[in-house]
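Q: Got a predicted model here, sequence first, then my questions.
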There are 6 protein chains.
Amino acid sequence: MSDAEAHLASYWGARPTFAGVPAASLDALETPDVVILGSPIDWGATYRPGARFGPGAIRHADYLGEPGRPHLPTGIDPFAELTVVDVGDLVPAPGYLEESLEMNRRAVARIAATGALPIVLGGDHSITYANASGLADVLGSGTFALVHFDAHADTAETHMGEHLYGHGTPMRRLVESGAVPGNRFAQIGLRGYWPGPDVVEWMREQGMRWWLMTEIAERGLGPVIEEAITHVSHGVDAVFLSVDIDVVDPGMAPGTGTPEPGGLTSRQLLDAVRDISRAVRIVGADVVEVSPPYDGPGGVTAFLANRVVLEVLNGIAERRRAGP
Amino acid sequence: MSDAEAHLASYWGARPTFAGVPAASLDALETPDVVILGSPIDWGATYRPGARFGPGAIRHADYLGEPGRPHLPTGIDPFAELTVVDVGDLVPAPGYLEESLEMNRRAVARIAATGALPIVLGGDHSITYANASGLADVLGSGTFALVHFDAHADTAETHMGEHLYGHGTPMRRLVESGAVPGNRFAQIGLRGYWPGPDVVEWMREQGMRWWLMTEIAERGLGPVIEEAITHVSHGVDAVFLSVDIDVVDPGMAPGTGTPEPGGLTSRQLLDAVRDISRAVRIVGADVVEVSPPYDGPGGVTAFLANRVVLEVLNGIAERRRAGP
Amino acid sequence: MSDAEAHLASYWGARPTFAGVPAASLDALETPDVVILGSPIDWGATYRPGARFGPGAIRHADYLGEPGRPHLPTGIDPFAELTVVDVGDLVPAPGYLEESLEMNRRAVARIAATGALPIVLGGDHSITYANASGLADVLGSGTFALVHFDAHADTAETHMGEHLYGHGTPMRRLVESGAVPGNRFAQIGLRGYWPGPDVVEWMREQGMRWWLMTEIAERGLGPVIEEAITHVSHGVDAVFLSVDIDVVDPGMAPGTGTPEPGGLTSRQLLDAVRDISRAVRIVGADVVEVSPPYDGPGGVTAFLANRVVLEVLNGIAERRRAGP
Amino acid sequence: MSDAEAHLASYWGARPTFAGVPAASLDALETPDVVILGSPIDWGATYRPGARFGPGAIRHADYLGEPGRPHLPTGIDPFAELTVVDVGDLVPAPGYLEESLEMNRRAVARIAATGALPIVLGGDHSITYANASGLADVLGSGTFALVHFDAHADTAETHMGEHLYGHGTPMRRLVESGAVPGNRFAQIGLRGYWPGPDVVEWMREQGMRWWLMTEIAERGLGPVIEEAITHVSHGVDAVFLSVDIDVVDPGMAPGTGTPEPGGLTSRQLLDAVRDISRAVRIVGADVVEVSPPYDGPGGVTAFLANRVVLEVLNGIAERRRAGP
Amino acid sequence: MSDAEAHLASYWGARPTFAGVPAASLDALETPDVVILGSPIDWGATYRPGARFGPGAIRHADYLGEPGRPHLPTGIDPFAELTVVDVGDLVPAPGYLEESLEMNRRAVARIAATGALPIVLGGDHSITYANASGLADVLGSGTFALVHFDAHADTAETHMGEHLYGHGTPMRRLVESGAVPGNRFAQIGLRGYWPGPDVVEWMREQGMRWWLMTEIAERGLGPVIEEAITHVSHGVDAVFLSVDIDVVDPGMAPGTGTPEPGGLTSRQLLDAVRDISRAVRIVGADVVEVSPPYDGPGGVTAFLANRVVLEVLNGIAERRRAGP
Amino acid sequence: MSDAEAHLASYWGARPTFAGVPAASLDALETPDVVILGSPIDWGATYRPGARFGPGAIRHADYLGEPGRPHLPTGIDPFAELTVVDVGDLVPAPGYLEESLEMNRRAVARIAATGALPIVLGGDHSITYANASGLADVLGSGTFALVHFDAHADTAETHMGEHLYGHGTPMRRLVESGAVPGNRFAQIGLRGYWPGPDVVEWMREQGMRWWLMTEIAERGLGPVIEEAITHVSHGVDAVFLSVDIDVVDPGMAPGTGTPEPGGLTSRQLLDAVRDISRAVRIVGADVVEVSPPYDGPGGVTAFLANRVVLEVLNGIAERRRAGP
């Protein structure tokens, strides 16, 4: 009997690395193109927690055992084009948000320092502050734009009183610190009843751009994505992509912490993510707010998040193939 | 420590009034613009019960603690424009449908008698007979149209034998009593295999208008909503809006009693409801058939119903702002 | 008290035949137009099993007690136009796939031999090999085309090593045996990262045609369905229709074994199935990969599959009405 | 291929009769020993509905396909000892409780009139009033005792106001009507905080006997069952057995409408039911308050209820074997 | 129509106060006997979060609408014997554990300062540090014992690195601060594989007493409870009772964060809690680690926790009745 | 930042080896004491599948991150006493049962050939035939007894017709092949209505011994375990332990394929397994029939199975400590 008959990690069960890519250690990173990092922090969520189990569920939402994920539309396998490794998850301390975010930030900076592109699996959206800040620590503040798919703007002034960090404030903190200036933001899919006019006014003053679901419903998503790409291509040539899974309608992606009805379809998100990753130079990404306890027996939200990562990789691989 | 640190009703837990609006009593209503009433009646359902827990789940489906729900597309907060109170739920007797509906009807009439607009959280669709009848008791029969989002026409002749009331018959009873004449009906989203040709013929004879999902799929929802608005604007200037949550595809809104695949998306329903509430004068509304036991751990159907109420209020607020 | 008050099979509970049509036995089939057969085989699934409970769940997903399912768009009741019977489910042996598929194949052949059109409720997709082969045993190889709604092409060379059968290989086996030549295939809704380029190349060599979700998202489903109908109308005038429920987005149809995000909406699938069944001569059909354990408390995927069968019947009934 | 390969009703799917016994019609009952009847009434429930799906779920909770259910402890197959048929479910009208109960009562009386023993699958506990009354219509009031497993005494004076019927009042109505005098009652498993002292006092005045869970925890269930058997054997030699599944701890039987923690184990209930059915002459039985929507994916409460029916049949069969 | 027909807070829906007792404010407490406080903190949990929804779910797990909860074994209604109010929930900041615990501690101290007995609904077990410390701030350190039902000893030295607070360390912190000296602890129900021998040795050195499930299984729970009562009655006459719901077997109480198989039954816990509350003077209590997202559709764990609170109140009421 | 901050495999998420023991390969086994092997075969299940996900779920059901699992009752850490490695899962072919079992048998034989004790995580119970046969291939037929916890005897003559293998026949096949003679069997926890008297007679003829749940309920489990140990200690001094998780009441362990109400409690199983593993020489073990899709959001059945493995290891470690 060959080793193929009995190997570690069930064919169906838990997959220890994303898509089965090689495991790696932050302490000994060679020079990969992409590094997957899990950030199981959910104590920045103001409503339903559970996103700490997001990284595990996203890696798990995979029914393909063999290596290779060739993309049907192109035949390109992003894992053949790109060197991707998975360094596993941070082990932060529940209830100690600032220390946990700092740990997250340092990990992202260490990845970026090797020249690799970090893709962070959340975790709640508070981690995007850490992710983009860690990237700015290496690449420099203001050197990249942030394209943000979300139902919520996440630009609140404070979190539950006077606290600074949380899943409703990361974009504010990034603008304030200068890591990502306001005019480098493109937010897609906003809807609902938050934040209020004072915060919206602040966003406008910072030069932030956003596209509401009501506008997307009227104009179609295609023209909106084109506008967003044009907007973020002014002045910089790099983009951090942050995908809050709640940008998709909770009817299609129920496993999330702060469901806001009336969102994108899964198909729309997948195509938009790939289009952007092909059109601009991605320097980092995160997929956040997948909360497995709310996901139902099929776990379909984790599957969607897994495919969002794959579509980012596909866009990058296509862009690399196309060359300069 | 201030009272803000410890107050009744958890930030995350049960919210005793819709969106935290003031509680009120039917016995001492001042002159609000809108009154929220829960009607936890589900013994008119022929298939899956559970809608008795709809009012509680709809109020609960809310992650915003602070007062105010400013609408992102306009910045208008409907609770700043309108005085809204919540009188809680009726306490009807399970298994005694006619008495329960009569209790519901009187409650709606008492609300309407103050000049307020009632929004009733169901419960199964049998309550729309009570809601519209109670309204007609005050405003007069035939004085308002009924716009009805639903997978089903709800115009059956009888309920399980010779019984008159139930969730399949309310529209028939309203036409027969004259509370809402047939030519004042606009039904949107019908599909499937019910009712049969004899009932459809009866509907046609009454002058009822409807738009099937197959037509909506072909023509788009926008033109259909415009036609419906035009239709109900003939001869009267008031509309009762009845939203059966099963008008949305059960794949996106699984927590309902009589799922019929092939419906609207959540986004379509939210936009249509707001468009109508902005275009015509709403005199009452209900949101029915939310059945929490079938809703899965995310509770996404209750969230959707909560937002339907908010979009009605937003449309009304925008209309009021626009002035005559 | 009449027999109507107490009869076998609950109004709400288990319905022993699809839509309450007459039960029949394979050993004594008269000359029905359509025969429903359950094939509860799920040991050909490589990932999540559970589809063995598909046939029961699909029959059960029905809230209409009375006989007759008149279609709202036309008023036609397919059960008035067509004689439909239900022969129940096969009783195959779990873990003995080849014998089970052979049992399935013989049952379909016996149905086809009576001149009736078999509609098979799966079960995983391995059964389509048996279904189309059984049909070819009677009608002749190469005499019909195969329209295939699916997220996956199901044209793998082997199943988990060197095994021939399984839910990833049926289309390959059909092409190889000649039962359905490659150029008679139209596959709609493919997406994701499987199969790889070598298999895609093989498909191309066989003359297979397919339409990816990315193309459908761009062009719309309507033109794609028209092209598919044209394609399969060359040279033969008969079609076997195979619907893998995972062609619909798993966010809307979570109860399935191999969820691949980014699919059709329920509405799109229902309309497409009816359009095809109206446009071409259907000689057999199956609906597969409904896995109830993953479907959530609402059971919405089973409801969708039930309606897919009804839409096939509606298309056939409309076609028959229209005449030659 | 023989008929055994494809037969009506899936091996795994919906079983149209309990344990596959022959179907029968109330209009043409021969002389069976036992008649199974479903009573899908749940509009007498004051809290969580869903028990209307109890009869279907109880029949379904069965993994044995072959006929015969030989009991391991004795080797006796109750279906070999007794003629058992299943007449299916009543089709009552949701929301019309009194008419529905009357329909239930007449059905039970018709069964009893043939000399058969009715076993009724509920449904909520309001149906026990109908079941025992229908039996008394034939056997005579006061001619049988009632052994009642339940967390609740179900002796409330009224139901939600002044209504007489509901799932909290059946035992009161039976005592008042004389169908079952108070001193013929033995209630086992009561606990919690209901009913209040006035009702308890009324129960005491009627000569009712009951055993609380606190007492059972201290003394063991064995002695309690012996006392109950002795108590109900005074003066009459016949017993109606009513099992509310909520007598079992909701941690073990979650699919029920009014969960009260601290109950029996499943093993205790099964043994007690068999012991009683062996020790006294059972003239009728019901199993009520199984609410599938609350039962979780395993459906374990329905399985338990199914086995309760089997243990009743086993006890009766053992008694018959033992002879006089 | 009277006010009784339509009142705030559904009969079935969300109950804003525990058992419907009067609401009160921490800022204006009169002199109640017992104050219910919710502490929705779950960012001290190292594994599954969700306990922030515990307070809401515990209040909600109640099917009795009328005031009064007379205990069946005694007829005593604890709400008639005791003045109980509910001050609602704290509004702490997710991710800021130390500040949140400090807020919790001050709230408990304010309650204790009025002479009232606080009962805190958690939240994860980290809050017991705050609860007992707040009590000690008023009553004095070392003046009360702590009876602790739990699967885990919660005496870890640190939380995820060098952090002091978390749901695995509260008992250590209480011993170290002197609020509750080691020899005042009685821990019941411990099992499993944590903590390790060094921590167990530390516990022994502090004079802590505990009873493992293996011992309880052998000797019975009754003698163990007696020993525990004797142990904690040495030297002080007051007890804080901390019930981690995971002391019950997760098979019966699945809605919890750190399930450890092999626990008590629900019945055992309820009786033990009442026995202790009757035997000693309770000065405070908490019920923690109820995590609704893991509780399944029946929500049975929240029901159990609700009854634990009622049994504490019953024991206290019985003790007060019995007099000195 | 040290490697401890970011490492492979989430603290909370998927654990690639049981309890984090070292991974190993069947092709290069050194000389461990115990080898964990996953056997994700569920196509031998006649009713509910899903046990293929058992091995992953059992490894995952673990909230302890640090190495070491010291047992509270003794302080012994089995992983310090024993060298345990995990070789991962077999990759068998769904639908090809006999080949899959053969692969399983060879893997167990290879483990046994190194002198190690295999513990196999199932999978359905058909694998016990492979496990015990593989062991007999190395140790010799008839050299060990088989202690079998189960609700079912699993001694059916055939599987669904004339097939030999399946989850109802393994014990028959073992007796017939002589791998484990009938008089070496001790079966504990049998109940229900299967198998029939002819099979029971065959079991008796083979000298098999079993203890029914009815007997355990009467006599207590302790004396039964003692009798079983005595029985299997005649003539051989080695035992294979097979634990079908359905021996526990499905109310406490719902995630299983063939639920039979009325079983052991979790506590009883854990203690019995440890007692046996301490009293006799265990040469192999399996834990089977854990079916995650039926386990509910808490996953409590997988947790129980994980602890069964730990208790086996604890018993072995205690026995080794005690010495000869």
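A: Cool, the structure landed. None of the values given here were measured: they were computed from a predicted structure. Numbers count the residues shown, from 1 in each chain, chains lettered A, B, ... in the order given.

Q: how about the residue positioned nearest the centre of chain A, secondary structure?
A: Centroid-nearest residue in chain A: A:Asp286, 2.0 Å away (criterion: Cα atoms, centre = their mean). With DSSP: H, G, I helix; E, B strand; the rest coil as the basis, A:Asp286 sits in strand.

Q: Give the closest residue to it in space, chain neighbours not counted.
A: Distance criterion Cβ to Cβ, 6 or more residues apart in numbering or on different chains; nearest residue to A:Asp286, sequence neighbours excluded, is A:Val120 at 4.1 Å. C-beta: built from backbone N, CA, C; applies to glycine.

Q: my read is that neighbour is in a strand, agree?
A: Yes. Applying three-state DSSP, one finds A:Val120 inside a strand.

Q: That one: neighbouring residues, count only.
A: 28 (other Cβ atoms under 10 Å in any protein chain shown).

Q: Next one: it from chain E, what distance?
A: 17 Å (Cβ to the nearest Cβ, to the nearest Å).

Q: List the contacts of that residue.
A: A:36-39, A:104, A:108, A:127, A:131, A:284-288 (Cβ atoms under 8 Å, 6 or more residues apart in numbering or on different chains).

Q: Whatever residue of the stretch 51-200 of chain A ends up closest to chain D: helix or strand, and which one exactly?
A: Going by Cβ to the nearest Cβ, chain D is nearest to A:Ala57 of the stretch 51-200 of chain A, at 17.8 Å. Secondary structure assigned from DSSP states H and E places A:Ala57 in helix A:54-60.

Q: How about A:Leu241?
A: strand A:239-244.

Q: is whichever helix or strand comes after that strand anywhere near chain C?
A: Using DSSP H and E, the next helix or strand after strand A:239-244 towards the C-terminus is helix A:266-279. Yes. On the criterion Cβ under 8 Å from any Cβ of the partner chain, helix A:266-279 is in touch with chain C at A:Ser266, A:Arg267, A:Gln268, A:Leu270, A:Asp271.

Q: For the second one, list the residues it contacts.
A: Shown here is A:Arg267, whose contacts under the criterion Cβ under 8 Å, 6+ apart are C:Met213, C:Ala217, C:Asp249, C:Pro261, C:Gly262, C:Gly263.

Q: Let me know the pLDDT of it.
A: As predicted, A:Arg267 sits at a pLDDT of 98.

Q: Repeat that for A:Asp27.
A: 88.

Q: Does A:Asp246 touch A:Thr258 like I think?
A: Yes. Counting by Cβ atoms under 8 Å, A:Asp246 does reach A:Thr258; the two are 6.0 Å apart.

Q: can you list contacts of stretch A:279-286?
A: A:39, A:108, A:112, A:117-123, A:127-128, A:131-132, A:135, A:139, A:144-145, A:147, A:229, A:232-233, A:237-243, A:276, A:309, A:312, A:315-316, A:319.

Q: The host helix or strand of A:His148 vs chain B: in contact?
A: Using DSSP H and E, A:His148 sits within strand A:145-149. No. Judged by Cβ under 8 Å from any Cβ, strand A:145-149 makes no contact with chain B; its nearest approach is 14.8 Å.

Q: so how far is A:Gly262 from the one residue in the stretch 1-150 of chain A that gets nearest to chain B?
A: Per Cβ to the nearest Cβ, A:Tyr47 is where the stretch 1-150 of chain A lies closest to chain B, at 4.1 Å. Look at A:Tyr47 and A:Gly262: by Cβ to Cβ, to the nearest Å, they are 17 Å apart.

Q: quick one: which of those two has more around it?
A: A:Gly262 (25 against 21).

Q: Looks like the more buried one contacts B:Ala272 (just checking).
A: No. Using Cβ under 8 Å, A:Gly262 is not in contact with B:Ala272, being 11.3 Å away.

Q: Give me the nearest residue to A:Glu81, chain neighbours excluded.
A: Nearest to A:Glu81 is A:Ala317, by Cβ to Cβ, 6+ apart, at 3.9 Å.

Q: For the strand or helix carrying the one you found, list every residue counted as buried.
A: Per DSSP H and E: A:Ala317 is located in helix A:300-322. For helix A:300-322, burial by neighbour count (16 or more other Cβ atoms under 10 Å in any protein chain shown) applies to A:300-319.

Q: what does stretch A:278-287 give?
A: A:Arg278, A:Ala279, A:Val280, A:Ile282, A:Val283, A:Gly284, A:Ala285, A:Asp286, A:Val287.

Q: contacting residues for the first one?
A: Residues touching A:Arg278, when contacts are defined by Cβ under 8 Å, 6+ apart, comprise A:Gly315, A:Ile316, A:Glu318, A:Arg319, A:Ala322.

Q: cool, A:Pro73 as well?
A: So A:Pro73 contacts C:Leu212, C:Thr214 (Cβ under 8 Å, 6+ apart).

Q: Report the secondary structure state of it.
A: Reduced to three states by three-state DSSP, A:Pro73 is coil.

Q: returning to what we had before: could you check how far the residue nearest to A:Asp286 is from A:Ala272?
A: 19 Å.

Q: ditto for A:Gly44
A: 26 Å.

Q: Also A:Tyr47?
A: 26 Å.

Q: what's the answer for A:Gly122, then?
A: For A:Gly122 relative to A:Ala272 (Cβ to Cβ), the value is 19 Å.

Q: Please enumerate the helices of the stretch 51-200 of chain A.
A: Taking DSSP state H, counting those that start in this stretch as the test, the helices found in the stretch 51-200 of chain A are A:54-60, A:78-81, A:97-113, A:127-139, A:170-177, A:197-205.

Q: Report the separation between the residue nearest to A:Arg320 when sequence neighbours are not counted and A:Leu29.
A: In space, A:Arg320 comes closest to A:Glu81 once its chain neighbours are excluded; the distance is 5.9 Å by Cβ to Cβ, 6+ apart. Applying Cβ to Cβ, the value for A:Glu81 to A:Leu29 is 19 Å.

Q: Next, count neighbours for A:Gly178.
A: Neighbours around A:Gly178, by other Cβ under 10 Å: 11.

Q: contacting residues for it?
A: If you count contacts by Cβ under 8 Å, 6+ apart, then A:Gly178 has A:Ser141, A:Gly142 around it.

Q: Look up phi and psi at it.
A: Backbone torsions for A:Gly178, taken as degrees, to the nearest 10, come to phi 80, psi 0.

Q: Same check on the one 3 residues further on?
A: Backbone geometry at A:Pro181, expressed as degrees, to the nearest 10, gives phi -60, psi 150.

Q: Look up the closest residue to it, ignoring the ones flanking it.
A: A:Gly142 (5.3 Å).

Q: who in the stretch 201-324 of chain A is up against chain C?
A: Counting by Cβ under 8 Å from any Cβ, the stretch 201-324 of chain A sits next to chain C at A:248-249, A:251-253, A:265-268, A:270-271, A:296-301, A:303-304, A:307, A:310.

Q: go with 10 Å
A: Within the stretch 201-324 of chain A, the positions lying close to chain C (Cβ under 10 Å from any Cβ of the partner chain) are A:221-222, A:248-254, A:265-271, A:274, A:295-308, A:310-311, A:314.

Q: Helix or strand for A:Trp211, just tell me which one.
A: In this structure, A:Trp211 sits in strand A:209-212 according to DSSP H and E.
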